Every structure is written in structure tokens, then in C-alpha cells.
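1. I need the structure of the sequence given here:
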Amino acid sequence: MAEISFDGVKKYMDTTLVLKNITFMVTEGEKVGIVGENGSGKSTILKLIAGILELNHCAGYPYAPVPPGYDEGWVRISKDTNCAYLEQIPQYSDNMKVIDVLNLSFDDVHRIEKEMHELELSMQELDGVELKKTLSRYSELVQLYEVKGGYDIEEKLNKICKGLQFEESFLQQDFNSLSGGEKTTVILGKLLIDAPDVLLLDEPTNHLDMDSVEWLEGYIKNYKGIVIVVSHDRYFLDHTVMKIIEVENKECETYMGNYSDFVRQKDENLRIQFNDYKDQKKQIEHMEQSIKELREWAKRANNEKFYRRAASMQIKLDKMERVEKPVIDKQNMKMNIQTSERSGKIVVKAFELCKNFENKTIFKNAGLLIQYGERVALIGPNGSGKTTFLKMLLGEISADSGETTLGASVMMAYLPQNIAFEDEELTVLDYFRDDISILEGKAREHLAKFMFYGGNVFKKIKLLSGGERVRLKLCKLLYNDVNLLILDEPTNHLDTASIESIEEALSYFKGTILFISHDRYFINKISGRVIAIEDHGFNSYLGNYDYYKEQKDKQDAKAAPDLSLSNVRSEQKQVKYKNVDNMKSNRKEKIEKNEKDTLKTEGRVKDIENELKEIDGCMQAACSDFEKLSKLFVRKEELSKELDAILEGWVNT
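-> Predicted coordinates for the structure are as follows:
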């Protein structure tokens, strides 16, 4: 039975105290999420479990006094427990392909298989005692081959490749030629094939698209061993873990439930702690006042009894265990986004958009309209064209045909996915003031809203962390008035607290927001509309991510009965009617009904096609009337969906 426990762990990295008092237990089959701010020590905990880091105890620990700088506590892992850690990316020889790396998980099985083949050949020439020994060994190998899943190799490999969307062309690439994110995804696939007793995942969703993340969620939920995840993906934690360990101020607290349960429990604990703090504070003030009065009375009356009562009360006060005041408002980004004058009604428009890269079609006759005040999340698989669309909108690349335009009076701020600075030798303050006429005091005041305080404003850009780079870019973008925010993966590299501060700031923004994100929790909180890139076009869902998933599930559910219906029909063909006359009459009624339905459907299809032709003509005639175009476009989408539904139902009957 796999079990992991931390008991009062205190860990130094060189002379820096990273963990002070970490105590928790994880038992077999538990799925655990570790959360906390960047640099709080989450990854250090994983490395201690994986054995990459060890506790540096002083001589004679725990019986001898512990000098400063030495570690304390214990990390206990049950015997024969196999742990695998995602963060490590091993080095392989230059000729190793992706499929070869994945097949390393089956090395033991392949060795057994090789020995079995050798024994099969040798048995052809053996007899007597030698043959008996060989048969016994062969039998052992067959059992071992089955235990290690030798008969399920192809099934396991196909399951992982399909879930993580490893195409055949990707499997044949050299592993060493892949990007860091691609290597991480391949190693994740290898770990899932290995199926260790303890799976340690450090930000596993960073390089996966939504489909792959959702597949991984299902895989983890059904995983038989222990899974410990460090992640800022709150939606992922909500759907995978049953326990949250929060690392804060170098200590930890355990909460049962998923991420949303943790947030509720922590808020409730803070409320209770704050009420206890206020009650104790009143009690302390009352006791201090009583002690003061008793001492004054004793002094005036020269009464020893009052002195003793005051001393007794003082001892009681000194021994009282104090309730710490909870930190409710943490140091965080305090963005105050000022919206400029509003833009026109139509903010973003795409019409008959087509775009191809070599032999790959990205968009084909795609169209969308985004109106003022909307909060739109643009989603789709990796490579579907999300960033490509933003670049066309920004004028960085052009469409093959069709158009993408911004509306009237649009003042835009754009945060790219990959943050780059022209001169990384500049300090934070110098970069902010580079092309802005502003006094240093005012500049530092604005930078402070984005958590650049004191000496931090003199830090060079090249020394900033990923989260700090995002904050600095946002700080510069949002200094000027804007009414359209375009964000490409804005939550990348940010810890949960920073993401939540961005969510809060965006909730007060009155303009239009168009953003790309794989953070489903972020989409749920910000978006009022989801546009999914599907079949080289844009499909609109008037709601957040949960609404989008609900609609997609309904579409899948509608498709499922069609399949079962075909099975029912095939079974019905095998049923023998006892009464032949009844069978004939039933068939006749069905034929007559089908003919009526067909005529009715054909008439409706003809009407829709005629109306669509009329709309196309009207759209060409009203090319400059955006309001009329918007209404025509919405009507065209409604008719197209109705036509698709009719034709799909027709085909399935």
C-alpha cells in the first residue's frame, strides 16, 4: 500500500529557508493538488518525494541540537513505492524518435519477449531434463509477460497517443529536435504508460490544448495510484483532486475536497479566525484595563490583596495563546483600468474569411461579429487558428480572401502570448517611462498598482520572472485609455493570486474584451460568450465555458441515439412477425408517413435555400451598413444551422 507523509519538514536551499513546517499525509489512491504562490516551495515538495532533493540533517539528529541552516523533519514513503516526476526531461541519443521514447516504457516486456523467442528456438533441439527445465522457465516468462501487460502494449500506446493527440508524423520526429513544451508532453505520455505507484505532475496542463487536458482529467480520475499535482489550473484541480494542500508562509494547511471546496473552506476559516481575533482583542483590552485599575486601587489604598489580584490576572494574560490577525487583503495587483470613450456598436468583424498555410486550411468562409461591451473567449485546439486570427485582426498577416476589420473609434490594447522586450537592459522604471511623458513619482505610483514596489522598479527586465514580465507589459498597455482589450493567453506564467487580481480588474472594465485562453476557470469568470473554431469557421455559444460544454454534450447526446437507432433497426429486421398481414400494414403506414415527411422536408429546404440567396444579395448591397449587416449575418447563421440540422437528420434516416 503506497503512502507518503511529511512530518514537520523544514528545508533550506543553500542558506535560504524554503519550507518551515510542512506536515501532511497522502494515502493510496488519493488525488492531491498542491497550491500556493510562485516561489512558495510547491515544486520543492515534489522533488523531496521524488528523491531529487534530500533532507540535510545535522549529525545526531533528532537527538542533538540543530544548528542554523540544517534541515529538520522527516519524509516517509512506504517501501517499494515507485515514484515518477514529470518535471524532469531526460537526455536521449540523437537518433531517438518520439515513438522510441514512448516504447522505453515497455523495455522489460520486450526483454521478456526476446527471451521467450530464444527459448522457443532452443526447445526445438532439446529433450529430456533440459527440455523440462526450459519449459518451466518459459512458463514463468509467459506469466510474467502477462502480468507486465505484454498483451496490452498496442492498446496502451494507442490510448496515450490518441489522448495526447500524438499524430504519426509527430511520433516519427527526433525527440531532441522538439521544443521544451513538446518534450514535456512526450515525457508525460511515457509516465502515464509506466503507470507508477505515485505520479508527480508539475504544471501538467501548461503545454496541452483543451481536448488533451480534458482527456488527462479523465485519466487521472481513473488512475489507481497516488497522483500529486502542482497546478495553477483551477478548473483542472476542480475536476481531478480530492484534497488540496496549500503552502503559505512556508507552512501548509490541508483541505478536503477540490479547489472550489478549498476556496470556500479557507474563506470560512479566515472569517472564523478574524471573529476570534476580534473577540480575543476585546478580552485582552478588558483584562489590561482591569489590571491597570487594580494596580491604581492597590496603590491608593496600599492594599496588598489588589496587587496580588493584578499580578494573577497579568500572569493569566501573559500565558494566553494569542489568535493571530488573519491576512485578508494580501499584497496583490490593484489595477484600475480606465475605459476611454466607447467605440462603435460593431467592434470586430470578419466576413467570408479564408486562410491557408501551405496545404493546411485554417479558415474557410468564416465570419463573426463582436459588439461593444461583449466579453468573448476564442477557443479551439492547438493549431486551429486562434493566434492567426488575432494577427490578421492586428494587420500582422493578411487573409487569402475575405476581411477582418476593427470598428469605428476602437482604441485597442494587445497582450501577446510571448512577451518580448526590445531592450532587456532597461530597468522596469526606464521601460515604463521610455515613451511616456510622466514624472518619476507618478510612474512609480502606477507601477506599484502592478506590484512593482521600492527597489524592484530598478530591476533590469532580463532579470524578471515570467509573471513579472506579464505584469510589466500589462502596466504599460493599460496606462493609456482603451476600449478594446485583446489578450492572448493572459494567465500564462501567473500564480493563482495574480490571475484572480486580473479577473477582478477585468470585471470592472466596461469596454470590449476578446481573449484566447486555455484556462477554463478564467473563461468561466470573464466571458459572456464563447467562440469556438470548428470546421474552419467560428461557432458562437452565448455563455461561459460551462455553457459551451453543456451545449457540446447535448450535441454528442443527439448523435448517440442515431447510432443506437441503426442498431435497433438492424435488430428489428431479424424479428419474425407471427402475423404477416400486420407486418404488411405496418410497413405500408411507415412508407406513407415517410413520403409525407420527405415532401415536407424538401419544401422547407427549398424555402431556406431561397432565403439564403436573398440574404447574400442583401449583404452585398448593404456592405457599408454595419447594423443591417449584423442582423443579416445573424439570420444567415440561424438558417444555415437549421439547414444543417435538417440535412443531418435526413441522412441519418
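2. For Val229, the count of nearby residues, please.
-> Applying other CB atoms under 10 Å, we find 25 other residues in the vicinity of Val229. C-beta here means a position set from N, CA and C on the backbone, and glycine is covered the same way.
3. The helix or strand hosting it: how far from the chain's middle?
-> Val229 is part of strand 226-230 when elements are defined by DSSP states H and E. Mean-position distance between strand 226-230 and its chain equals 14 Å (CA atoms, centre = their mean, to the nearest Å).
4. In terms of secondary structure, what does it contact?
-> With contacts defined as 3 or more CB pairs under 8 Å, 6 or more residues apart in numbering; DSSP states H and E, strand 226-230 has these neighbours: strand 16-27, strand 31-35, helix 42-50, strand 198-202.
5. Now do that strand and strand 16-27, the angle between them.
-> 150 degrees (axes from the mean of the first three to the mean of the last three CA atoms, to 10 degrees).
6. Which pLDDT value does the model give Tyr235?
-> On pLDDT, Tyr235 comes in at 93.
7. swap that for Lys576, sorry
-> With respect to pLDDT, Lys576 has a value of 40.
8. how about the helices in the stretch 151-300 of the chain?
-> Assigned helices in the stretch 151-300 of the chain, in chain order: 153-163, 168-171, 180-194, 210-221, 234-238, 259-301 (criterion: DSSP state H, counting those that start in this stretch).
9. pLDDT weak spots in the stretch 451-600 of the chain?
-> The stretch 451-600 of the chain contains residues with pLDDT under 70 at 466, 560-600.
10. again, only this time at 80
-> Low-confidence regions of the stretch 451-600 of the chain, defined by pLDDT under 80, span residues 465-468, 470, 478, 480, 492-495, 497-498, 501, 505, 508, 558-600.
11. What segments of it are helices?
-> Using DSSP H, counting those that start in this stretch, helices in the stretch 451-600 of the chain cover 466-477, 496-507, 520-526, 545-572, 580-621.
12. count of residues packed around Asp258?
-> Just to correct that, residue 258 is Asn rather than Asp. 21.
13. my bad, Phe351
-> 18.
14. what do you get for Asn359?
-> 5.
15. distance of Lys278 from His286?
-> Distance of Lys278 to His286, given as CB to CB, to the nearest Å: 13 Å.
16. per-residue pLDDT, Asp211?
-> pLDDT, read off for Asp211, is 83.
17. nope, Ile34 is what I was after
-> 95.
18. likewise Lys190?
-> On pLDDT, Lys190 comes in at 88.
19. ok, back up a step: got any residues that touch both of Lys278 and His286?
-> With contacts defined as CB atoms under 8 Å, 6 or more residues apart in numbering, no residue is adjacent to both Lys278 and His286.
20. which one of the helices of the stretch 151-300 of the chain lies closest to Gln551?
-> helix 210-221 (14.7 Å; CB to CB).
21. Show me what counts as buried in that closest one.
-> Neighbour-count burial for helix 210-221 flags Met210, Ser212, Val213, Glu214, Trp215, Leu216, Glu217, Tyr219, Ile220 (criterion: 16 or more other CB atoms under 10 Å).
22. Going by mean pLDDT, which of the helices of the stretch 151-300 of the chain comes out lowest?
-> When the helices of the stretch 151-300 of the chain are compared by mean pLDDT, helix 180-194 comes last with a mean of 83.
23. Alpha carbons of that one, as PDB, please.
-> Written as PDB, here are the backbone C-alpha positions of helix 180-194 (Å, rounded to 0.1, in the frame of the first residue of the first chain):
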ATOM      1  CA  GLY A 180      10.600  22.200 -24.400                       C
ATOM      2  CA  GLY A 181       6.800  22.000 -24.200                       C
ATOM      3  CA  GLU A 182       6.600  19.100 -26.700                       C
ATOM      4  CA  LYS A 183       9.300  17.200 -24.800                       C
ATOM      5  CA  THR A 184       7.300  17.700 -21.600                       C
ATOM      6  CA  THR A 185       4.200  16.300 -23.200                       C
ATOM      7  CA  VAL A 186       6.100  13.300 -24.500                       C
ATOM      8  CA  ILE A 187       7.500  12.600 -21.100                       C
ATOM      9  CA  LEU A 188       4.000  12.900 -19.600                       C
ATOM     10  CA  GLY A 189       2.900  10.300 -22.100                       C
ATOM     11  CA  LYS A 190       5.700   8.000 -21.100                       C
ATOM     12  CA  LEU A 191       4.900   8.400 -17.400                       C
ATOM     13  CA  LEU A 192       1.300   7.600 -18.000                       C
ATOM     14  CA  ILE A 193       2.300   4.400 -19.800                       C
ATOM     15  CA  ASP A 194       4.700   3.500 -17.000                       C
END
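24. Let me know the angle separating it from strand 198-202.
-> Helix 180-194 and strand 198-202 are oriented at 170 degrees to each other (the same axes, to 10 degrees).
25. tell me which strands and helices helix 180-194 is in contact with?
-> Other helices and strands packing on helix 180-194, by 3+ CB pairs under 8 Å, 6+ apart, are helix 98-103, helix 153-163, strand 198-202, helix 210-221.
26. Please point out which parts of that helix sit buried.
-> In terms of neighbour count (16+ other CB under 10 Å), helix 180-194 has its buried residues at Glu182, Lys183, Thr184, Thr185, Val186, Ile187, Leu188, Gly189, Lys190, Leu191, Leu192, Ile193.
27. Need those in a markdown table (columns: distance to Ile346).
-> Below are the buried residues of helix 180-194 laid out as a markdown table (distance: CB to CB, whole Å):
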| residue | distance to Ile346 |
| --- | --- |
| Glu182 | 39 |
| Lys183 | 43 |
| Thr184 | 41 |
| Thr185 | 39 |
| Val186 | 44 |
| Ile187 | 46 |
| Leu188 | 43 |
| Gly189 | 44 |
| Lys190 | 49 |
| Leu191 | 48 |
| Leu192 | 46 |
| Ile193 | 50 |
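28. Name the nearest of the residues you listed relative to Lys319.
-> Using CB to CB, these come closest to Lys319 at Leu191, 52.3 Å.
29. Double-check that closest one against Pro90; I have them as touching.
-> No - Leu191 is beyond contact range of Pro90, at 11.4 Å (criterion: CB atoms under 8 Å).
30. Could you provide the helices and strands packed on helix 180-194 in JSON lines, with additional columns for distance to Arg469?
-> Output for the helices and strands packed on helix 180-194, formatted as JSON lines (distance: least, CB to CB, whole Å):
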{"stretch": "helix 98-103", "distance to Arg469": "31"}
{"stretch": "helix 153-163", "distance to Arg469": "32"}
{"stretch": "strand 198-202", "distance to Arg469": "20"}
{"stretch": "helix 210-221", "distance to Arg469": "24"}
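31. Out of those, the one nearest Cys618 is which?
-> Proximity to Cys618, assessed across the helices and strands packed on helix 180-194 by CB to CB, is greatest for helix 210-221 (36.9 Å).
32. CA-only coordinates of that closest one in CSV, if you can.
-> This file holds the C-alpha atoms of helix 210-221, laid out as CSV (Å, rounded to 0.1, in the frame of the first residue of the first chain):
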residue,chain,number,x,y,z
MET,A,210,-8.3,21.8,-24.0
ASP,A,211,-9.1,18.4,-25.5
SER,A,212,-5.9,16.9,-24.2
VAL,A,213,-6.4,18.5,-20.8
GLU,A,214,-9.9,17.1,-20.5
TRP,A,215,-8.6,13.6,-21.6
LEU,A,216,-5.9,13.9,-18.9
GLU,A,217,-8.6,14.8,-16.3
GLY,A,218,-10.5,11.6,-17.1
TYR,A,219,-7.2,9.6,-17.0
ILE,A,220,-6.2,10.9,-13.6
LYS,A,221,-9.7,10.4,-12.1
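33. from the chain's centre, how far out does that helix sit?
-> With CA atoms, centre = their mean, you get 10 Å for helix 210-221.
34. Repeat that for stretch 494-508.
-> Worked out by CA atoms, centre = their mean, stretch 494-508 lies 15 Å from the chain centre.
35. CA atoms only for it - export them in PDB, please.
-> C-alpha atoms of stretch 494-508 as PDB (Å, rounded to 0.1, in the frame of the first residue of the first chain):
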ATOM      1  CA  LEU A 494       1.000  33.900 -13.400                       C
ATOM      2  CA  ASP A 495       0.300  32.400 -10.000                       C
ATOM      3  CA  THR A 496      -3.300  32.000  -8.800                       C
ATOM      4  CA  ALA A 497      -3.300  35.200  -6.800                       C
ATOM      5  CA  SER A 498      -2.200  37.300  -9.800                       C
ATOM      6  CA  ILE A 499      -4.800  35.600 -12.000                       C
ATOM      7  CA  GLU A 500      -7.500  36.400  -9.600                       C
ATOM      8  CA  SER A 501      -6.400  40.000  -9.400                       C
ATOM      9  CA  ILE A 502      -6.600  40.200 -13.200                       C
ATOM     10  CA  GLU A 503     -10.100  38.700 -13.100                       C
ATOM     11  CA  GLU A 504     -11.200  41.300 -10.600                       C
ATOM     12  CA  ALA A 505      -9.700  44.100 -12.600                       C
ATOM     13  CA  LEU A 506     -11.300  42.900 -15.800                       C
ATOM     14  CA  SER A 507     -14.700  42.600 -14.100                       C
ATOM     15  CA  TYR A 508     -14.700  46.500 -13.800                       C
END
